[in-house]
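Visitor: Need coordinates for the following:
(chains A and B)
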Amino acid sequence: MSVNPLVCVKRVVDSSGEVVLTEDGQGVDGRYAGFTMSAHEECAVELAVQVAAAGNGSATVMTLGDADAVEQLRAALAVGCTAATHVVADSQAFGPADVAREIAAVVRDHEAAGTPHELVLLGNDAADSGDFQVGIRLAYELGWPVVNGVSTVSVADGEVTASGAGADGHETYRLPLPAVVTILEGGVEPRYPTVPGRMKAKKARVEEREPGVAPTGASRLRLVLPPPTPSSVEILGEGPSAAPAVVDLFERLGVLAR
Amino acid sequence: MAEVPATADVVVIGAGIVGNSLVHHLTRLGWKNVVQIDKGALPNPGGSTGHASNFIFTVDHSREITDITLDSVAQYKEMGVFTESGGFEIARTEERMEELRRRMSSAKAWGIEAELVSPEFVKEKVPFIEEDQFIGAFWTPGVGVVDSLRAGTIMRERALATGELTVVPTVEVTGLDTEDGPHGTRRITRVRTTGGDIEAKTVVIAAGVWSPKLGDMAGISIPLTPAVHQMISVGPCPQLAEKEGEISFPIVRDMDTFCYERQHGADMEVGSYAHRAILHEPEDIPSIEQAKLSPTEMPFTEDDFDPQLEQAYELMPELLGAEGAEIRYAINGLLSLTCDGNPILGESEVAGLWTAAAVWIKEGPGVGRAVAEWMTHGHSEIDLHHSDIARFHTHQKRREHTRLRTTESFIKTYGIIHPAEQYESDRDQRLSPMHDSQAKLGAVFFETAGWERPFWYESNAGLLEEYGDAVMPREHEWDSRWWSPIINAEHLRMREAAAVIDLSAFCIFDIEGPEALDVVQGTCVAQCDVAVGKVIYTPVLDAKGGFRSDLTVMRLGEDHFRVVTGGAHGMADRAWFSGHLPEAGTTTLTDLTDDVSTIGIWGPRARDIVASLTSDDVSDAGFGFLSCREISVGGITVLASRISYVGELGWELYVPMSQAADLWEALLEAGAPHGAVPAGIGVYGTTGRIEKGYRAYGAELDGERSIVEAGMQRPKVKAADFVGKEAYLAQRDADPQTVLCTLTVDDHTSASGVKRYMLGGEPILTRDGGSLTDGHGHHPYVTSAGSAPSLGKHVLLAYLPPEQATIGNELAVSYMEELYPVTVGSVDATPLLDPTNDRIR
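Guide: Numbering: from 1, shown residues only, chains lettered A, B, ... in the order given. Predicted structure coming up:
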């Protein structure tokens, strides 16, 4: 039996030093930083592609978002997903429960159409709203088991093995398929698109659909930026004589091991 | 970290390639107390330098840009940051091959090694290219890449080593204060910054894409727009990774798809000029904190790049599709574009406030040196008049103009641009009072300085039959593009009868006041202390004896002079004269360009026609050559000036704009029985001029040329002092290094049998194709080319080495990589037609 994961992504504003909010305070303004999917979702896409490849299946990517969100679908298609579903809707009007319901509808419809997904991968949380809810609500909606916040996933013998850092050490879970898993970044290195991959993605057909039900919304009043955190600059030195201090700092930060 | 000093002799705003080069050259030239600030951190403050692709192709059709580029390359090499890679410009079409042949002309003219090569030659050096995708290439071995950030640091450190530079990063300019000077002028006094204010009498805006915002702070227009250039980086490519260093393969410019492939270590950078023009406002550039990467590395818009990706893949499938090669970096990089493609350099209308913006990496160090020289001496070694900020007319200072023109020109970055090509956008900005009448006559309008000027009139098409082959028709589409044989028919009719020419685009300004004579005497080479009513044609020089301009001056009163100059360069001339007004403010300059129209009438019947419309004495005795006075023509009072740029008897008639259309109709009506026709600028600017060997500023004359070399010296030099006098006297005593000559083409027949006609810019070689070099180390090229229908010849002007400047000398011109025989006809200003100037009398 082949494994055909569905991976869910959300179009969000890319990260920058200073977060710029939209005028109505309902979202983050992407005109300077541009748009992307979150780092968790990039890892989820990478895992979906690996799982599909290992299981002789194919990975499908889906999103709920406005017309421009097709860019994120094509980004996933460019790195190995082979099908895409776009629920065309204003993602800001959709709360976590609404999104979970729409994903569940896609899962059911694909199954009815003869292309079932045994595994649904999501990012642990969206980079903009950070609700941490969609994965669990989706599992509840589908009646599937779920594990949250893992960083590696593999599938064998009708079972998914998911592991990641836990509160008391490294944790590994085994879940029967079908299952829902939400991914934390760090377990895999997401690949960049290749030129042929990007060209293929450009031409891939994207399934477009309307949302099934009117959203109840996130009940969000508005986003507020935290006060700027004071930063301090410590000059480590100048010229070659500063090198040891830089090495020490890198070791303290854990980016360099001696 | 340095504090912002309270005072400076000069403040340089910006620490990109331009600002860093400026502080180096300013301190080298002896400037003290130099302060450089930038809102970003060093060494990469976040401007366009930080993400530049950093490669340099040296051949450009513009001599000015080529010279700046070559100087920059020399400086990069001296700093040890230049790596020679060689570069190909490949052609996918025959039309492009022809353009590459034209590029060979420029390469030879500017003395840059280059050759046309086969796809196999390219494949030899770039093994991963698909040679069946193109038919030939232009190979420049001297192309290379630079480390522009390192160069900036080196130059800044050299300036710091003099002890005269203070660098303060991470402070932002919040205001530029000015104070009022005499006759409506302003002067810079202070730079306000987030780190404190700096009192300074000299300030340079070298802030790249942010420059317009800074200009606004001082109330000046720096008309550039930030525009997106898309670039991706693909790697690691095994074919590249196995080579040492940054670059081992030549850079490929895929001219017909408007993209390039440039190796950068293990990656291949693919850059595009093929996408829609994506323009930003300077105010919409994010701050460093708001940006994802840097303020000028905007989010990549994939859809715009996708078509380009496929074309690049077609060209290099094995490389770009290599196992493991991924798109690791992709940006919409911001760079600066201007309405005419040239940089914006020089002192603004606010005294002491200089600009050095819209400069690319290939020009940065050269611009820094030239602008520093200009600031120090009042002129630079390399002529910069195409880049002078003073060139902009009011309509060009609008952001809308820049936006429309750059939207049109962006896609032509790698385009094939005909030398006479006209813009389509933002036209009809300045219309002469005769415009409607001209449109009815089928005028074909070309734009100069915003003015719509008829180049020829379709209403004269009937003359073609009359003159037959004497109109010198051109068979080849390129030679006849933006051209018509009607121009030559109008010319012949002018020489036979008369022509009426609209010259409304002239820039006209009056200098009046007690020091008016001093002002014109001090700026003009010719004697200006002449009787009231005299007309003076004169060069205007800079202090080193190079041309600033050539123009006419009329003495209208003891204390009243009128300066008339070409529209294209008129604003710079106005700025030059304004800069020489005395501080006291008692003598003023008044721009009359929009109030006064000019209509010329010339030809053997011109006197009869004017006489039929006036009771004033217009005989030679009553109205001599080079004199001017008010007369009534057709009941309209005009200032008539007996002068000619076409070598015929006639007048320029200066008339209030409101009455110009009536005068125009009156002249055409009275002229018709005499055979007069309206004629366009094709006659005025080219055919009439070139038969008479009249020099044109911007073609034969510029800051690198002298009066002696241009063959324009008079027997005497006036006693009064003038700018450039000392240098001019020295030039007269020395042997010229180069001599402006007039040549005629002996045979136009190409190898294919099609007759070809040069358009200008082509190299002059020995008869058998050997290279020539003058005393400056320059190679001769055609400065102006045009039909001389009355001679039945195609005439070329070119500066030749003195030993080649002999009448009858047989040489050749290279056009589209074929040689055509030419013969030297004149070695000074002696015209080929009517050398004794009888026709003018």
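
Visitor: from here on, contacts and neighbour counts on C-alpha atoms
Guide: OK.

Visitor: so A:Cys125 makes contact with A:Ile136?
Guide: Wrong residue type there; residue A:125 is Asp, not Cys. No: using Cα atoms under 8 Å as the test, A:Asp125 is too far from A:Ile136 to be in contact (11.0 Å).

Visitor: What strands line up against the helix or strand that contains A:Arg174, and which way round?
Guide: Using DSSP states H and E, A:Arg174 sits within strand A:169-176. With DSSP bridges as the test, strand A:169-176 is paired with strand A:159-166 (antiparallel).

Visitor: per-residue confidence averaged over the strand it pairs with?
Guide: Per-residue pLDDT over strand A:159-166 has a mean of 94.

Visitor: going on from the strand holding A:Arg174, what's the next piece of helix or strand?
Guide: strand A:179-183.

Visitor: and the residue lying farthest from the centre of chain B, how far is that from A:Arg31?
Guide: The outermost residue of chain B, judged against the average C-alpha position, is B:Glu323 (47.2 Å), by Cα atoms, centre = their mean. Distance, B:Glu323 to A:Arg31, using Cα to Cα, to the nearest Å: 34 Å.

Visitor: neighbours around the closest residue to A:Val13 other than its chain neighbours, how many?
Guide: Once flanking residues are discounted, A:Val13 sits nearest to A:Phe35: 4.4 Å by Cα to Cα, 6 or more residues apart in numbering or on different chains. By other Cα atoms under 10 Å in any protein chain shown, the residues close to A:Phe35 number 22.

Visitor: and B:Leu765, that one's in a strand?
Guide: Yes: in this structure, B:Leu765 lies within a strand as judged by DSSP: H, G, I helix; E, B strand; the rest coil.

Visitor: There's contact between it and B:Leu772 in this structure, I believe.
Guide: Yes: at 5.9 Å, B:Leu765 counts as touching B:Leu772 under the criterion of Cα under 8 Å.

Visitor: Of those two, which one has the most company?
Guide: B:Leu765 (26 against 20).

Visitor: Now do the same contact list for that one.
Guide: By Cα atoms under 8 Å, 6 or more residues apart in numbering or on different chains, the contact list for B:Leu765 reads B:771-772, B:780, B:811-814.

Visitor: ok, what's across the strand from it?
Guide: Applying DSSP bridges, one finds that B:Leu765 bridges with B:Ala812.

Visitor: That one and chain A: what is the separation?
Guide: Separation of B:Leu765 from chain A (Cα to the nearest Cα, to the nearest Å): 47 Å.

Visitor: how far away is that residue from B:Gly40?
Guide: With Cα to Cα as the criterion, B:Leu765 and B:Gly40 are 51 Å apart.

Visitor: try B:Asp510
Guide: From B:Asp510 to B:Gly40 the distance is 46 Å (Cα to Cα).

Visitor: Then B:Thr178?
Guide: Taking Cα to Cα, one finds B:Thr178 at 25 Å from B:Gly40.

Visitor: Report the contact partners of the residue in the stretch 101-250 of chain A positioned nearest to chain B.
Guide: Of the stretch 101-250 of chain A, the residue with the smallest distance to chain B, taken as Cα to the nearest Cα, is A:Thr194 at 4.3 Å. By Cα under 8 Å, 6+ apart, the residues touching A:Thr194 are A:78-79, B:234, B:320-321, B:324-327.

Visitor: Out of those residues, who's the most crowded?
Guide: Scoring the contacts of A:Thr194 on neighbours with other Cα under 10 Å, the highest-scoring entry is B:Leu320 at 29 neighbours.

Visitor: these two touch, right, that residue and B:Val234?
Guide: Yes: in this structure, B:Leu320 is within contact of B:Val234 by Cα under 8 Å, at 6.8 Å.

Visitor: And the most centrally placed residue in chain B, how far from B:Leu149?
Guide: The centroid of chain B falls nearest to B:His386 when counting by Cα atoms, centre = their mean (3.2 Å). Plainly put, B:His386 is 27 Å away from B:Leu149 if you go by Cα to Cα.

Visitor: Now do the SS call for the nearest residue to B:Val471 once chain neighbours are set aside.
Guide: Of all residues not flanking B:Val471 in the chain, B:Asn488 sits nearest, at 5.0 Å (Cα to Cα, 6+ apart). Following three-state DSSP, B:Asn488 is assigned to helix.

Visitor: what's the neighbour count on B:Thr565?
Guide: B:Thr565: 21 neighbours (other Cα under 10 Å).

Visitor: isn't it right up against B:Phe506?
Guide: Yes: applying Cα under 8 Å as the test, B:Thr565 and B:Phe506 come out as touching, 5.7 Å apart.

Visitor: can you pull out the helices in the stretch 351-500 of chain B?
Guide: B:364-377, B:399-410, B:435-440, B:462-467, B:477-480, B:485-496 (DSSP state H, counting those that start in this stretch).

Visitor: Would you mind listing what in the stretch 1-150 of chain A touches chain B?
Guide: By the rule Cα under 8 Å from any Cα of the partner chain, the part of the stretch 1-150 of chain A lying against chain B is A:14-20, A:32-35, A:71.

Visitor: Lowest-scoring secondary structure element of chain A by mean pLDDT?
Guide: When each helix and strand of chain A is scored by mean pLDDT, DSSP states H and E, helix A:243-253 comes last, with a mean of 90.

Visitor: Run through who's touching that one.
Guide: With Cα under 8 Å, 6+ apart as the criterion, helix A:243-253 contacts A:236-237, A:256-258.

Visitor: Checking B:Glu269 next. Helix, strand or coil?
Guide: Relying on three-state DSSP, one would call B:Glu269 strand.

Visitor: Go ahead and confirm A:Gly65 touches A:Asp90.
Guide: Yes: contact criterion Cα under 8 Å: A:Gly65 and A:Asp90 qualify, at 5.4 Å.

Visitor: between the two, which one's more packed in?
Guide: Neighbour totals were compared for A:Gly65 and A:Asp90, and A:Gly65 leads with 22 against 14 (other Cα under 10 Å).

Visitor: Could you pull out the helices in chain A for me?
Guide: Per DSSP state H, chain A carries helices over the ranges A:39-54, A:70-78, A:96-112, A:134-142, A:195-203, A:243-253.

Visitor: Check which residues of the first one are buried.
Guide: The neighbour-count criterion (16 or more other Cα atoms under 10 Å in any protein chain shown) identifies A:39-53 as the buried residues of helix A:39-54.

Visitor: repeat for the third one
Guide: Neighbour counts over helix A:96-112 (16+ other Cα under 10 Å) mark A:96-108 as buried.

Visitor: which secondary structure elements does it contact?
Guide: helix A:134-142 (3 or more Cα pairs under 8 Å, 6 or more residues apart in numbering or on different chains; DSSP states H and E).

Visitor: Just the CA coordinates for the helix it packs on, please, in CSV.
Guide: Extracted in CSV, the C-alpha atoms of helix A:134-142 (Å, rounded to 0.1, in the frame of the first residue of the first chain):
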residue,chain,number,x,y,z
VAL,A,134,-5.8,23.3,13.9
GLY,A,135,-4.0,19.9,14.2
ILE,A,136,-5.9,18.8,17.3
ARG,A,137,-9.3,20.1,16.1
LEU,A,138,-8.7,18.3,12.7
ALA,A,139,-7.9,15.0,14.4
TYR,A,140,-11.0,15.4,16.6
GLU,A,141,-13.1,16.2,13.5
LEU,A,142,-11.8,13.1,11.6
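
Visitor: quick one: the helices in the stretch 551-700 of chain B?
Guide: B:567-578, B:606-611, B:657-671, B:681, B:688-691.

Visitor: And those: which comes nearest B:Leu431?
Guide: helix B:657-671 (10.6 Å; Cα to Cα).

Visitor: what about the closest one, average pLDDT?
Guide: pLDDT averaged over helix B:657-671 gives 98.

Visitor: do you know how far the residue of the stretch 301-450 of chain B found nearest chain A is from B:Thr407?
Guide: Per Cα to the nearest Cα, B:Glu326 is where the stretch 301-450 of chain B lies closest to chain A, at 4.3 Å. Taking Cα to Cα as the measure, B:Glu326 falls 31 Å from B:Thr407.
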